[in-house]
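Chemist: Turn this into a model:
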Amino acid sequence: MNVSLILAHPDKYSFNRAIAETALDVLDRNSHTVFFHDLYEENFAPVLLKEEIPKNAPLDPLAQSYCHEISESDGIIIVHPNWWGQPPAILKGWVDRIIRPGVAYEFAENDGGEGIPVGLLKADTALVFNTSNTPKERETNLFLDPLETIWKNCIFGLCGIGQFYHRMFRTVVTSSPEQRLEWLKEVEQTVAEYFPRSRNSTFPASGTTQP
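Modeler: Down below sits the predicted model:
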């Protein structure tokens, strides 16, 4: 299987990076081809320019490669912190530029102008791992867990991905090293469950890309 693994955190020593590397290790062990991108390390340009808005607009080579990878992926894993109930700006820009019409979705013909989406992504599974410094009760009662809505309903659901898993690790700022190790074990188990080793795989994945 092809799996896109997208990390968005500016600190290469962050717990988010540890989550992404754990997921990458599992995917490699299970012989999947991984498109791994650390958006900050790659200096991804997040601003959607007006020239890129049309469905068939020409894209720069890097954006075109991202679009090709996401369209060829059988699964997607996103790792990022909860910042103001949203993904970091660089990841929001990745969504704006890469999860685009003609690649991830289109609108049904003769829909009367109301914009009925048709999902185009090949992937049938998406996992999202988040970190937060907000206690669960406050997140649920005051903020209504906006990240679940953004990824499950507004993005992946619209693009046709039916199987979705979301895990928020909290409260990271006060967590112990032992707690973080337990969380990473959970990441390992979750990724292995959703992306098990292929029965036909006998060699390690050869297409892994890692910045």
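Chemist: What residues sit buried inside the longest helix anywhere in the chain?
Modeler: In the chain, taking DSSP state H as the definition, the longest helix is helix 177-194. Using 16 or more other C-beta atoms under 10 Å as the test for burial, helix 177-194 gives Trp183, Leu184, Val187, Glu188, Thr190, Val191, Tyr194. C-beta here means a position set from N, CA and C on the backbone, and glycine is covered the same way.
Chemist: closest to Ala57 among those?
Modeler: Nearest to Ala57 among the buried residues of helix 177-194 is Tyr194, at 33.3 Å by C-beta to C-beta.
Chemist: helices or strands up against the longest helix of the chain?
Modeler: helix 15-29, strand 125-131, strand 163-169 (3 or more C-beta pairs under 8 Å, 6 or more residues apart in numbering; DSSP states H and E).
Chemist: Make JSON lines out of those and add distance to Phe107.
Modeler: Listed next are the helices and strands packed on helix 177-194 as JSON lines, based on distance: least, C-beta to C-beta, whole Å:
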{"stretch": "helix 15-29", "distance to Phe107": "33"}
{"stretch": "strand 125-131", "distance to Phe107": "21"}
{"stretch": "strand 163-169", "distance to Phe107": "22"}
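Chemist: Ok, which of these comes nearest Asp38?
Modeler: helix 15-29 (7.4 Å).
Chemist: tell me the mean pLDDT over the closest one?
Modeler: The average pLDDT within helix 15-29 is 98.
Chemist: CA atoms only: put that helix into PDB for me.
Modeler: Output of helix 15-29 as PDB, limited to C-alpha atoms (Å, rounded to 0.1, in the frame of the first residue of the first chain):
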ATOM      1  CA  PHE A  15       6.400  14.800  20.600                       C
ATOM      2  CA  ASN A  16       4.700  15.200  17.200                       C
ATOM      3  CA  ARG A  17       7.900  14.300  15.500                       C
ATOM      4  CA  ALA A  18       8.200  11.200  17.700                       C
ATOM      5  CA  ILE A  19       4.600  10.200  16.700                       C
ATOM      6  CA  ALA A  20       5.400  10.600  13.000                       C
ATOM      7  CA  GLU A  21       8.600   8.600  13.300                       C
ATOM      8  CA  THR A  22       6.800   5.800  15.200                       C
ATOM      9  CA  ALA A  23       4.200   5.700  12.500                       C
ATOM     10  CA  LEU A  24       6.900   5.600   9.800                       C
ATOM     11  CA  ASP A  25       8.700   2.700  11.500                       C
ATOM     12  CA  VAL A  26       5.500   0.700  11.600                       C
ATOM     13  CA  LEU A  27       4.700   1.400   8.000                       C
ATOM     14  CA  ASP A  28       8.200   0.500   6.900                       C
ATOM     15  CA  ARG A  29       8.100  -2.800   8.900                       C
END
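Chemist: tilt between it and strand 125-131?
Modeler: Counting by axes from the mean of the first three to the mean of the last three C-alpha atoms, to 10 degrees, helix 15-29 points 150 degrees away from the direction of strand 125-131.
Chemist: got the buried residues for helix 15-29?
Modeler: Going by neighbour count (16+ other C-beta under 10 Å), the buried part of helix 15-29 is 15-24, 26-28.
Chemist: burial measure for Pro61, as a count.
Modeler: Counted by other C-beta atoms under 10 Å, the residues lying close to Pro61 total 7.
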